[in-house]
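*Asks:* how does the following fold in three dimensions:
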Amino acid sequence: MEAVKKIGRWFAPPPQKAEDGRDAWPSRASFLLASMGGCAGMGNLLRYPSQVYNNHGLQWYIPYLMCVFIIAIPVLVLEISIGQAYRGGSVVAYNNLSQKLKGTGLSLLYVGFVVGPYFVVNLAWIMNYFRNSFTSPLPWTNRGEEFFNRDVVANVDPIDGSLTDDGSAVLSYTQYPGTALLGETVGWTLFTWFLCWLCIFRGVGLTGRVVYFTMGLPIVVTIILIGRSVSLENAGEGVKLYFATWRGSELARGQVWQTACGQVFFSTGVGFGYFTSYASYNRQFSNAVMDSILIVCSNVLFENIAAFAVFGVVGYLGMYPDPENPIGGFDVGFLTLPLAVTEMPGANFWAVALFFTLMVLGFSSAFAMLDAIVTLVMDSGIKFSRPVVVTTLTIVSFLLSLPYCTEFGYYLLSGIDRWTNDVALVFVVFAECVTSTTLYRCRDVIGQVGKLPFIIYNAGYFLGMVLGVAIAHAVAPGAGAGVGFGLFFAGCIASVLIAGTPDVAPPRFWGKNAVISRFWYLAFYSVTANRSQGNQLRHDLNVIVGSGKNWNLPTFWPVLLRYISGPILAIIYGFSYPAFYEMRYDPLHILGFGVGHVALLLIFGGFIVPRWFNVFIPKHRLDEGKLPYAPGRIIGADEAQAQAAAGRLEAANSEEAVEPKSSSPGSQSPRNDHVMTDERKAAN
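*Replies:* Take a look at the predicted model:
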């Protein structure tokens, strides 16, 4: 019995503890691999090739790379930095930025909670292929599409609905006659959720071991598949379709920008909440900026190289995209990779290796999304043990997967997937960008220039985006741009004219006269700083994540989030409504559209009635979002310096285990206790 216990402790060791008593990753490599595994899942080998196939050509990389560098990397830096600095999952971390952002933090987890159940059903289809890989000859030989549609998905064809000729009304709604559960899909879905439970029930100690396997094997098998795929007859035609074709006119379509944005979010993992949860188990002084860039760049590199394995087979099969009938989000991978292995010597062996690899990649993403919800519950101060919480959430997630295991499940998956990505995910990341850089320490701004100017400036900022995008779709892009910029500049001028003169001067150029000083407080206080006045988001976070030899958050980072990433996301989000208008005859797309908008309700609900979300915050941390009035001061500097002086910074950068110095169930971030406040604090 003792030997069994030793094996159990080796396989599922209890997690180490950080200095504040919070669970900690065994090493930095464990965190990086877990994060890479969370985003480098099936979105790389299955979903990404499907999106590129529908939008084939080199022009795809313009919106794709713009989204990577202008949106994904800055947002990931934000998610990892606040999780690491404030020692909590998404809701706790965003509460530390502002108490009105609890809904934003919860909306990230909502997206993952919606995606997880249908994502696992994709893994069930993979396991169906895995089972059939032991049959010789492989049952999908020369009938790849038929096997996928009839034997794996096994859905009953719907009765298509339609619109009137002018598209102004619905003639008939799509009907789905098949409603029965599919036994094999249910079974494999249950099995997959059990694997997810097994990987996270003990916490990051176990997860930190699992990820070495879940990331190592897929890389090796993918390289082999690429070698075979590009050597097939006519593989060059598929590769040409991938990146040696130019269709510049496609860039004028909103759909390609929306698809690229959704894919970047899906494959890099921003907007799902698990990066913040994972980062909260980091040592507090880890190198967050470097880690963020490593995670995104490795994922982008992997998915673009892995796509060669798919497009080589696309050329071999003579496939060519039909703009009128784009394929589903994961179909190209399911249709091409199985056929690739039929052309390899020892086809059964490579089929087993392929689908085992896809399964490993996929469930590393699935358990990351589930683990983020577990972190939310555990951070709330609930008195149940982690295994109980993980078990309960796994059962709930399995039950939510069952509708996708029916004879209409494939079509339900397509509807939910599309609008979760195009509506919920885009708006959630938009909210991350603009609310964190608007509300953080807004009390200082109001104290220096007045509440009304603050409201007018931000009303011009937000209304400019909303009405500008709406008019661009309803009238013309030029008219929308004119209205959007007009409202923004009108808000700027009006707010500056009525603002009070700050008594804490801005840095350098911005402090030369009263008008410029007012504008600086309204437009840049939360997003810019210099060495002498580090009272903004960037410098407060740099106290922790930029300590020692760590990479600092760059000066342009918060400005990029607020004034570039945010407006771009608003424009991309605006394409959702015209696209839905054309699909409003399909009840499953209507359902998906509604599910996507729940995320918006959470964000606005958190802003309007933040106390409703207090249940997700432990009582001893509720007040951390009540930031003191302290213009011109860095929050948390004294505490961070004390920790560094005690040697904790050196320990945090070490790969060795650190013994816990506290056994407290909760952890707190270095915040308000060490802030020198202005004498106007009491007056405000």
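*Asks:* just give me the neighbour total for residue 548.
*Replies:* Residues near residue 548, counting by other C-beta atoms under 10 Å, number 11. C-betas here are computed from N, CA, C, even on glycine.
*Asks:* surely it meets residue 285?
*Replies:* Yes: using C-beta atoms under 8 Å, residue 548 is in contact with residue 285, at 6.8 Å.
*Asks:* where in the stretch 1-150 of the chain is pLDDT low?
*Replies:* Along the stretch 1-150 of the chain, the model assigns pLDDT under 70 to residues 1-15, 41-43.
*Asks:* quick one: the helices in it, in order.
*Replies:* For the stretch 1-150 of the chain, the helices defined by DSSP state H, counting those that start in this stretch occupy 2-11, 28-39, 42, 48-54, 61-66, 73-86, 90-97, 102-132, 144-146.
*Asks:* residue 372 is nearest to which of the ones you listed?
*Replies:* Across the helices of the stretch 1-150 of the chain, residue 372 has its closest neighbour in helix 102-132 (5.5 Å, C-beta to C-beta).
*Asks:* got the buried residues for the closest one?
*Replies:* For helix 102-132, burial by neighbour count (16 or more other C-beta atoms under 10 Å) applies to 102-130, 132.
*Asks:* swap in stretch 384-404?
*Replies:* Buried residues in stretch 384-404, counted by 16+ other C-beta under 10 Å: 386, 389-390, 393-394, 397-398, 401-404.
*Asks:* now it: how far from the chain's centre is it?
*Replies:* 21 Å (C-alpha atoms, centre = their mean, to the nearest Å).
*Asks:* with stretch 191-204 instead?
*Replies:* 21 Å.
*Asks:* send the alpha carbons of that stretch over as PDB?
*Replies:* The C-alpha trace of stretch 191-204 is given here as PDB (Å, rounded to 0.1, in the frame of the first residue of the first chain):
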ATOM      1  CA  PHE A 191     -13.800   9.700 -21.700                       C
ATOM      2  CA  THR A 192     -12.300  13.000 -22.700                       C
ATOM      3  CA  TRP A 193     -13.800  14.900 -19.800                       C
ATOM      4  CA  PHE A 194     -12.400  12.200 -17.500                       C
ATOM      5  CA  LEU A 195      -8.900  12.800 -18.900                       C
ATOM      6  CA  CYS A 196      -9.300  16.500 -18.300                       C
ATOM      7  CA  TRP A 197     -10.400  15.800 -14.700                       C
ATOM      8  CA  LEU A 198      -7.300  13.500 -14.300                       C
ATOM      9  CA  CYS A 199      -4.900  16.200 -15.400                       C
ATOM     10  CA  ILE A 200      -6.100  19.000 -13.100                       C
ATOM     11  CA  PHE A 201      -7.700  17.500 -10.000                       C
ATOM     12  CA  ARG A 202      -4.600  17.900  -7.900                       C
ATOM     13  CA  GLY A 203      -3.600  21.300  -9.200                       C
ATOM     14  CA  VAL A 204      -0.600  22.700 -10.900                       C
END
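*Asks:* in the buried residues of stretch 384-404, find the pair that's most separated.
*Replies:* Once C-beta to C-beta is applied, the buried residues of stretch 384-404 give 386 and 403 as the farthest pair, at 28.2 Å.
*Asks:* picking up where we left off before, dump the buried residues of stretch 384-404 to JSON lines, plus pLDDT.
*Replies:* Formatted as JSON lines, the buried residues of stretch 384-404 follow (pLDDT from 0 to 100):
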{"residue": "386", "pLDDT": "89"}
{"residue": "389", "pLDDT": "94"}
{"residue": "390", "pLDDT": "94"}
{"residue": "393", "pLDDT": "96"}
{"residue": "394", "pLDDT": "96"}
{"residue": "397", "pLDDT": "97"}
{"residue": "398", "pLDDT": "98"}
{"residue": "401", "pLDDT": "98"}
{"residue": "402", "pLDDT": "98"}
{"residue": "403", "pLDDT": "97"}
{"residue": "404", "pLDDT": "97"}
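*Asks:* quick check, nearest of those to residue 62?
*Replies:* Distances from residue 62 to these, taken by C-beta to C-beta, are shortest for residue 404, at 33.6 Å.
*Asks:* leaving out the residues flanking it, which one is nearest to the closest one?
*Replies:* residue 121 (4.1 Å; C-beta to C-beta, 6 or more residues apart in numbering).
*Asks:* can you give me the neighbour number for residue 502?
*Replies:* Residue 502 - counted by other C-beta under 10 Å - has 22 other residues nearby.
*Asks:* likewise residue 504?
*Replies:* Neighbours of residue 504 (other C-beta under 10 Å): 18.
*Asks:* so it touches residue 633, yeah?
*Replies:* No: with contact defined as C-beta under 8 Å, residue 504 does not count as touching residue 633 (9.4 Å).
*Asks:* buried stuff in stretch 334-354?
*Replies:* Quick answer for stretch 334-354 (16+ other C-beta under 10 Å): 334-344, 347-348, 350-354.
*Asks:* what angle do the longest helix along the chain and helix 90-97 make?
*Replies:* For the chain, the helix with the greatest residue count under DSSP state H is helix 347-379. For helix 347-379 against helix 90-97, the angle by axes from the mean of the first three to the mean of the last three C-alpha atoms, to 10 degrees is 50 degrees.
*Asks:* list the buried residues for helix 347-379?
*Replies:* Those would be 347-348, 350-379, for helix 347-379 by 16+ other C-beta under 10 Å.
*Asks:* dump the residue contacts of the residue nearest to residue 91 when sequence neighbours are not counted.
*Replies:* In space, and not counting its chain neighbours, residue 91 is closest to residue 105: 3.9 Å by C-beta to C-beta, 6+ apart. Contacts for residue 105 (C-beta atoms under 8 Å, 6 or more residues apart in numbering) come out as 89-95, 273, 276, 606.
*Asks:* ok, now how distant is residue 105 from residue 602?
*Replies:* From residue 105 across to residue 602, the span is 9 Å (C-beta to C-beta, to the nearest Å).
*Asks:* for residue 237, pull up the helix or strand it's in.
*Replies:* helix 235-243 (DSSP states H and E).
*Asks:* residue 617 against residue 91, yeah?
*Replies:* Yes: using C-beta under 8 Å, residue 617 makes contact with residue 91 at a distance of 6.6 Å.
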